[in-house]
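Colleague: Return atomic coordinates for the entry below.
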Amino acid sequence: MRMIELTKEQFNEFVNNSPYKNYCQTEEYGIVLRETGFEYSFVGYTTNDYEILAAGMFLTKKIGKRYYYAYCPKGFIIDYKDSDLVRRFTRNLIKYYKRKNIIFLKINPEIPIANIDYNNNYNRITNENINILENLKSLGFKKRKETEPLQLLQPKLTALIDLKEYNVDSLEKRFRHKVKTTENKGLELEIADSSKIEILYEFVKNMKDRKIDYYKNFYNTFNKNDQADLLLVKVNYEKYLLGAKKKVEEETIRNEELNKELQNNNSEKVLNEKMNSDKILEEYKQDVIYATQGLRKNEDTYVAGAIVIKYKNKISILIAGVDKNYNNLNPNYFLHHQILEKYKKDYDIADINGIADDFNEESKFSGLNKFKIGFNPTITEYIGELDLIISEWKFKIVEKNNLLSNEFTKKRDTTSK
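Modeller: Take a look at the predicted model:
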């Protein structure tokens, strides 16, 4: 058995046959991360006849002035259930990277170990993959804990939606109402190109420690093979105004009918219906005013956007954001619903990104979690971030000089409400 560097073609052929394939284990992802200081290579564990048994797209980066670490994003491509293979691969990987002066290796395998039942006090329901985590720990991998939710390189909890089953009518009533009312706000989904990345960046620049060039590079690199879409939401004020006027007319008729009924029947039920109608009518009138003002500007108004990565049978929202000045239009509800509708025909799963592992009502992540849970996802918990220390004494030097915290304790938010 031996560790060798693979060609891109060898790596891709092996990965395509694995259930653990993901967009982070691609050359495209390596190219993106190279612009942030990493180098990438394809490493394989083979028999003497060069049959590949395990592999990974590994990133290496300098930490401090003289040390390096390696990172295998979303984990190795290996049969994790074959504990003996994982053990042999890990042992040889340590030897391989020791020769290359790597002091530790980081992985975050996309292997589900539990689901969170948000309909039952957020109970954590583990599965048999927990044995994979225990095996990795026995081999020396140490689990990195979050100092606060959503601070790891990849979210530990994520929201997955079965696109073939997604139907807005199956959503909880209040959430469904918010999604459906966006149809009356003149919102439109636009498939944009890289020239409009700046628009998206204005919505997301305060969410992560990323410069605009990172998103440009990500989009352009994956878009070369039609693996990325830039989606923007804009307001069509003419459409908005027509819809608002129609709603005013319809609600005015209903309001007048309730007013007549109230004269003959002043029951609490009718009174409440009339008061509710008054409130709705006033909201529609405000929409008319708002749409009229927007129409006078005579310019496109963008209110939300996202980058979506398309890989195999799955789409993933890389980043999404909104202009909070237009929250009255509920653009984030419109954006996510439209994404799910757009891709449900051609893809099976949608990853709408991280969920915070803090379900306290008072948590600063409460709004984010409730928004994503509103789409009836499966909240999946992955193995999480694991470190394999290759050189103990060098690792202690790096840790003592706060190089680890400087490298990994960064603002890592996801799509927000």
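Colleague: How many neighbouring residues does residue 352 have?
Modeller: Counted with other C-beta atoms under 10 Å, residues neighbouring residue 352 total 24. The C-beta positions use only the backbone N, C-alpha and C, and glycine is treated the same way.
Colleague: which ones are touching the residue nearest to it when sequence neighbours are not counted?
Modeller: Spatially, and ignoring its direct neighbours in sequence, residue 352 is nearest to residue 159 (4.8 Å; C-beta to C-beta, 6 or more residues apart in numbering). Applying C-beta atoms under 8 Å, 6 or more residues apart in numbering, one finds that residue 159 lies in contact with 351-355, 372-373, 375, 377-380.
Colleague: Reformat those residues as JSON lines; add secondary structure, pLDDT and distance to residue 330.
Modeller: Shown next, in JSON lines, are the contacts of residue 159 (DSSP: H, G, I helix; E, B strand; the rest coil; pLDDT from 0 to 100; distance: C-beta to C-beta, whole Å):
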{"residue": "351", "secondary structure": "strand", "pLDDT": "98", "distance to residue 330": "22"}
{"residue": "352", "secondary structure": "strand", "pLDDT": "96", "distance to residue 330": "16"}
{"residue": "353", "secondary structure": "strand", "pLDDT": "94", "distance to residue 330": "19"}
{"residue": "354", "secondary structure": "strand", "pLDDT": "94", "distance to residue 330": "21"}
{"residue": "355", "secondary structure": "strand", "pLDDT": "95", "distance to residue 330": "20"}
{"residue": "372", "secondary structure": "helix", "pLDDT": "96", "distance to residue 330": "15"}
{"residue": "373", "secondary structure": "helix", "pLDDT": "96", "distance to residue 330": "16"}
{"residue": "375", "secondary structure": "coil", "pLDDT": "96", "distance to residue 330": "14"}
{"residue": "377", "secondary structure": "coil", "pLDDT": "97", "distance to residue 330": "19"}
{"residue": "378", "secondary structure": "strand", "pLDDT": "97", "distance to residue 330": "24"}
{"residue": "379", "secondary structure": "strand", "pLDDT": "97", "distance to residue 330": "23"}
{"residue": "380", "secondary structure": "strand", "pLDDT": "97", "distance to residue 330": "26"}
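Colleague: The residue nearest to residue 352: which element?
Modeller: Under the criterion of DSSP states H and E, residue 159 resides in strand 157-162.
Colleague: So what sits opposite the residue nearest to residue 352 in the bridge?
Modeller: Taking DSSP bridges as the rule, residue 159 bridges to residue 379.
Colleague: By mean pLDDT, flag the weakest helix or strand of the protein.
Modeller: helix 403-408 (a mean of 84; mean pLDDT, DSSP states H and E).
Colleague: Determine the set of other helices and strands touching that one.
Modeller: strand 52-63 (3 or more C-beta pairs under 8 Å, 6 or more residues apart in numbering; DSSP states H and E).
Colleague: Mean confidence (pLDDT) on the strand it packs on, please.
Modeller: When pLDDT is averaged along strand 52-63, the result is 96.
Colleague: Report the distance from it to the chain centre.
Modeller: Put simply, strand 52-63 sits 23 Å off its chain's centre (C-alpha atoms, centre = their mean, to the nearest Å).
Colleague: Which neighbouring elements make contact with it?
Modeller: Contact here means 3+ C-beta pairs under 8 Å, 6+ apart; on that basis strand 52-63 packs against helix 8-15, helix 27-34, strand 39-46, strand 67-72, helix 83-98, helix 403-408.
Colleague: what do you get if the cut-off is 10 Å, keeping everything else the same?
Modeller: strand 2-5, helix 8-15, helix 27-34, strand 39-46, strand 67-72, helix 83-98, strand 102-107, helix 403-408 (3 or more C-beta pairs under 10 Å, 6 or more residues apart in numbering; DSSP states H and E).
Colleague: averaging pLDDT over each of those, which comes out lowest?
Modeller: Looking across those, the weakest by mean pLDDT turns out to be helix 403-408, at a mean of 84.
Colleague: and it, which residues are buried?
Modeller: For helix 403-408, the buried set under the neighbour-count rule, 16 or more other C-beta atoms under 10 Å, comprises 403-404, 408.
Colleague: Closest one to residue 202 out of those residues, please.
Modeller: For the buried residues of helix 403-408, the closest approach to residue 202 (C-beta to C-beta) belongs to residue 408, at 27.0 Å.
Colleague: count of residues packed around residue 170?
Modeller: Count around residue 170 with other C-beta under 10 Å applied: 10.
Colleague: where's it relative to residue 402, distance?
Modeller: 49 Å (C-beta to C-beta, to the nearest Å).
Colleague: Using PDB, list the CA coordinates for stretch 128-143.
Modeller: What follows is stretch 128-143, C-alpha atoms only, in PDB (Å, rounded to 0.1, in the frame of the first residue of the first chain):
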ATOM      1  CA  GLU A 128     -25.300   4.300  13.500                       C
ATOM      2  CA  ASN A 129     -22.800   6.700  11.900                       C
ATOM      3  CA  ILE A 130     -21.900   7.800  15.400                       C
ATOM      4  CA  ASN A 131     -19.600   4.700  15.300                       C
ATOM      5  CA  ILE A 132     -17.700   6.400  12.500                       C
ATOM      6  CA  LEU A 133     -17.000   9.300  14.800                       C
ATOM      7  CA  GLU A 134     -15.900   7.100  17.600                       C
ATOM      8  CA  ASN A 135     -13.600   5.200  15.300                       C
ATOM      9  CA  LEU A 136     -12.000   8.500  14.100                       C
ATOM     10  CA  LYS A 137     -11.500   9.600  17.700                       C
ATOM     11  CA  SER A 138      -9.800   6.300  18.500                       C
ATOM     12  CA  LEU A 139      -7.300   7.000  15.700                       C
ATOM     13  CA  GLY A 140      -6.300  10.300  17.300                       C
ATOM     14  CA  PHE A 141      -8.800  12.800  15.700                       C
ATOM     15  CA  LYS A 142      -9.900  15.400  18.200                       C
ATOM     16  CA  LYS A 143     -13.300  17.100  17.900                       C
END
